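**Student:** No sequence on hand, only this structure:
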């Protein structure tokens with residue numbers, strides 16, 4: 001057998017051996033080796049591949065061209081002008097002159113390529129975009145549906161039915177093997193079937209077989225036949241009981257091993273001890289190996305440098321993490337022996353030891369380190385009784401009397417009277433602690449507090465908080481005249497002691513004084529430091545920013561002090577007076593606003609807006625005579641001012657003094673004949689005397705024929721009298737003079753639509769869009785015209801064109817959202833927000849969208865965003881108010897109404913339709929809000 005055995009069997013194959021190669025066998029490639037078959041026209045995986053490389057066929061051609069390095073010298077590859085397509089000398093040596101020639105050709109090619117680069121890149125970009133539009137990926141086609149998956153709740157997801165299974169019943173419902181735990185009684189019963197018989201059946205003795213008188217036979221009193229050992233296989237009950245006892249014993253041993261008495265209770269829950277152990281002890285082989293390495297390293301560190309405290313602490317924490325708490329305790333206690341002067345080792349030992357043992361460790365630590373504050377604090381924390389804590393801290397203060405931390409901890413445990421006594425001792429021991437001085441001053445009476453603060457200033461002449469506290473103390477006791485002196489003295493003293501006055505820190509201190517109610521102190525601090533470290537040309541800009549910052553931090557008195565100082569420095573600056581006036585209007589009282597405006601008009605008598613604000617404040621307060629007197633003074637300072645004339649007319653007309661208003665307007669037309677004066681005159685007469693209004697309108701148009709509002713009023717008056725032809729003529733004539741007036745185009749279009757001339761209305765809007773390109777208002781009216789006519793497809797087409805021409809128009813996007821069907825609205829709103837992130841119309845559309853989906857909280861949040869980003873949009877306030885009427889409380893409705901009145905909105909399609917209606921010309925903001933909200937029908 002050994003002779004026939006081949007010598008190479010059992011030996012390793014030689015290097016490079018391929019089985020079967022000698023007899024001509026070759027390997028084969030399967031489809032799994034090269035991937036699935038793909039059509040030549042299939043797109044490649046790279047979605048950003050340039051043209052010419054986008055299909056599998058293109059890539060295959062490229063690979064074949066790269067692999068075909070052999071020269072093709074066939075006649076078919078020869079051209080009379082260019083020669084052979086390939087290089088005839090590619091196999092020859094590559095020399096230096098070849099390299100230079102290639103570099104020159106490459107430079108020429110690069111230069112030529114750069115000349116065509118821009119056009120080529122543009123063409124490739126267009127081809128790529130066209131390709132992606134023609135053949136979008138499945139992921140893009142389902143993007144809008146995937147967005148909606150974010151709204152699917154867990155319950156809805158779980159309720160989706162499973163996909164049907166085409167397999168037969170046996171394959172679909174395999175019968176798995178069932179394992180049922182067997183009771184002990186079953187084992188006991190079946191073990192008895194195989195037990196040994198220890199007695200002979202009496203029937204066998206009838207024939208004298210085994211019943212022999214021989215005394216050594218089987219029926220003998222020899223006890224061996226009935227030994228308990230023979231009972232062992234027959235009775236399984238004894239074994240099962242022992243197994244149960246062993247299991248309970250093992251459980252008790254495990255629990256006793258992992259139990260710990262740091263706080264008097266077990267760390268592990270007996271029911272879930274395995275879970276806790278798994279979370280503490282690493283179970284992976286890699287973790288265990290890492291712990292072994294770490295343990296070995298730390299052991300090496302401890303042996304080489306036994307007096308290195310971090311080594312002992314790290315070793316103890318490693319054992320603690322692995323669950324060996326007792327080993328950790330032993331290690332750290334050994335560390336305290338090796339490093340008795342290390343504070344960190346003692347604190348770690350106190351942390352690892354259980355309650356009473358920890359106290360003993362801390363006591364031992366105090367003996368070694370009697371000056372350690374942290375050990376004393378730890379000792380106090382270990383005590384549960386307040387008196388014991390006090391005793392520990394007082395003992396600590398005997399050893400370390402200059403520790404501020406110990407004094408603060410001790411004072412916090414005392415009653416106010418005892419705390420005052422302790423603080424008086426504390427400032428003696430720690431005279432440089434500002435906190436202790438200020439705490440003592442707070443507990444003392446006024447006279448004693450002044451003495452304490454004076455002593456504090458002597459001991460710490462470089463701290464500003466003592467001076468500020470002294471100023472607050474004087475203000476609290478009514479000595480406001482001393483506050484300014486103290487702050488000025490503070491600045492002087494601190495500078496004398498070499499302290500740099502940090503303007504930002506002092507402003508923060510002033511804001512804290514403002515929040516604490518110390519108004520005089522905060523204003524004094526502001527006056528003292530507001531001008532420090534600022535260039536003269538930057539003062540106004542910096543101070544206005546400081547005032548805005550204070551308002552943002554709710555420090556209104558600080559802002560008021562800044563404005564007062566700025567007005568003192570710049571008494572003739574109209575912009576500063578205006579900002580101060582708006583501040584008082586938003587955050588102050590009516591009295592403070594009027595007092596400021598009186599000073600403002602005295603310094604800036606030519607500022608019309610200040611006069612008008614003062615008159616309006618008086619008028620809103622119901623003091624019409626005072627408002628008239630302010631306007632009379634304004635006339636003296638600004639004769640023939642259009643704004644003041646119109647304000648006086650409005651004051652009289654709002655108070656039903658029509659005759660006085662007419663006289664004022666007649667006087668204004670003679671002395672200051674402006675287009676707005678004529679417009680207000682027409683509006684006043686329009687209410688009760690249409691004929692006079694028409695005459696005035698004709699007169700005004702003779703003077704101001706290019707003022708679009710007059711043509712609108714003329715057309716509307718004619719339309720009100722149902723004179724359609726005259727109204728159409730007025731609008732058409734107005735458009736010849738004012739071809740760029742969007743409202744005139746809209747009025748003419750709506751007039752034609754009203755009389756049923758839909759085609760003419762459409763033609764008018766097309767003409768208007770030609771004369772006013774990229775006008776969102778005209779596009780919007782065109783879309784709505786088709787929608788009202790029931791031509792929704794044409795409306796959608798027009799909307800698409802409108803968005804192409806005006807891609808950043810919020811009013812168009814907001815309309816486009818609600819032109820879509822309900823399932824597509826959310827997708828459209830996301831696109832709108834991408835294009836017009838901060839447009840109020842888009843934000844309002846999103847709020848209405850959430851409202852239509854009954855997402856009340858989100859809708860309210862978006863309404864708040866809308867009115868915050870543009871408080872002048874009346875439509876937003878109207879929708880918000882309507883929303884609160886349906887879903888809010890009375891308080892929320894009242895809050896929206898008040899905010900709207902304060903904002904005084906003037907714009908908005910629905911808002912202007914109501915507020916500019918001649919029947920509502922005397923309505924207040926709140927009344928207009930109610931009327932607009934009543935017109936809204938939430939059918940979106």
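**Tutor:** Cool, the structure landed. As the structure is a prediction and not an experimental result, all values here were calculated from the model. Numbers count the residues shown, from 1 in each chain.
**Student:** now the lengthiest helix in the chain: mean pLDDT?
**Tutor:** Across the chain, the longest stretch assigned as helix under DSSP state H is helix 96-134. The average pLDDT within helix 96-134 is 83.
**Student:** now swap in stretch 345-361 and tell me
**Tutor:** Averaging pLDDT residue by residue across stretch 345-361 gives 81.
**Student:** Start and end of it, how far apart?
**Tutor:** Here the two ends of stretch 345-361 are set 11 Å apart, with distance taken as CA to CA, to the nearest Å.
**Student:** try stretch 521-535
**Tutor:** Across stretch 521-535, the terminal residues are separated by 25 Å (CA to CA).
**Student:** do the same with stretch 366-384
**Tutor:** Looking at stretch 366-384, the gap from its leading to its trailing residue is 19 Å under the measure CA to CA.
**Student:** Residues contacting it, please?
**Tutor:** Outside stretch 366-384, the residues within contact range by CB atoms under 8 Å, 6 or more residues apart in numbering are 340-341, 343, 346-347, 350, 355, 358-359, 362-363, 365, 389, 392-393, 395-396, 399-400, 403, 405-406, 409. For the C-beta atoms, the positions are set from N, CA and C on the backbone; glycine is no exception.
**Student:** Give me the buried entries from these.
**Tutor:** Those of the contacts of stretch 366-384 that meet the buried threshold are 343, 346-347, 350, 358-359, 362, 365, 389, 392-393, 396, 400, 403, 406, 409, by 16 or more other CB atoms under 10 Å.
**Student:** Counting neighbours, what do you get for residue 675?
**Tutor:** Burial measure for residue 675: 17 neighbouring residues, criterion other CB atoms under 10 Å.
**Student:** tell me which element residue 832 is part of?
**Tutor:** Residue 832 is part of helix 822-835 when elements are defined by DSSP states H and E.
**Student:** Which residue ranges of the chain form strands?
**Tutor:** 78-79, 83-84 (DSSP state E).
**Student:** among the ones you listed, which gets the worst mean confidence?
**Tutor:** With a mean of 60, strand 83-84 has the lowest mean pLDDT of the strands of the chain.
**Student:** picking up where we left off before, which other helices and strands contact the longest helix of the chain?
**Tutor:** When contacts are defined as 3 or more CB pairs under 8 Å, 6 or more residues apart in numbering; DSSP states H and E, helix 96-134 sits against none of the other helices and strands.
**Student:** For it, buried residues please.
**Tutor:** Buried, per 16+ other CB under 10 Å, within helix 96-134: residue 128.
**Student:** Touching, residue 935 and residue 909? I think so.
**Tutor:** No: applying CB atoms under 8 Å, one finds residue 935 not in contact with residue 909, separated by 11.2 Å.
**Student:** where do the contact lists of these two overlap?
**Tutor:** Overlap between the neighbourhoods of residue 935 and residue 909 is empty, taking contacts as CB under 8 Å, 6+ apart.
**Student:** Let's see which of the buried ones among the contacts of stretch 366-384 end up in helices.
**Tutor:** 343, 346-347, 350, 358-359, 362, 365, 389, 392-393, 396, 406, 409.
**Student:** Tabulate the residues you listed (a markdown table), appending distance to residue 94.
**Tutor:** What follows is those, written out as a markdown table (distance: CB to CB, whole Å):
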| residue | distance to residue 94 |
| --- | --- |
| 343 | 75 |
| 346 | 77 |
| 347 | 75 |
| 350 | 79 |
| 358 | 82 |
| 359 | 87 |
| 362 | 83 |
| 365 | 81 |
| 389 | 90 |
| 392 | 89 |
| 393 | 89 |
| 396 | 87 |
| 406 | 85 |
| 409 | 85 |
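**Student:** Who are the contact partners of residue 839?
**Tutor:** With contacts defined as CB under 8 Å, 6+ apart, residue 839 is in contact with 810, 813-814.
**Student:** Could you single out the nearest of these to residue 12?
**Tutor:** Proximity to residue 12 was ranked across the contacts of residue 839 by CB to CB; first place goes to residue 813, at 75.1 Å.
**Student:** lowest confidence element among the helices and strands of this structure?
**Tutor:** Comparing every helix and strand of the chain by mean pLDDT, DSSP states H and E singles out helix 273-280 as the least confident one, with a mean of 42.
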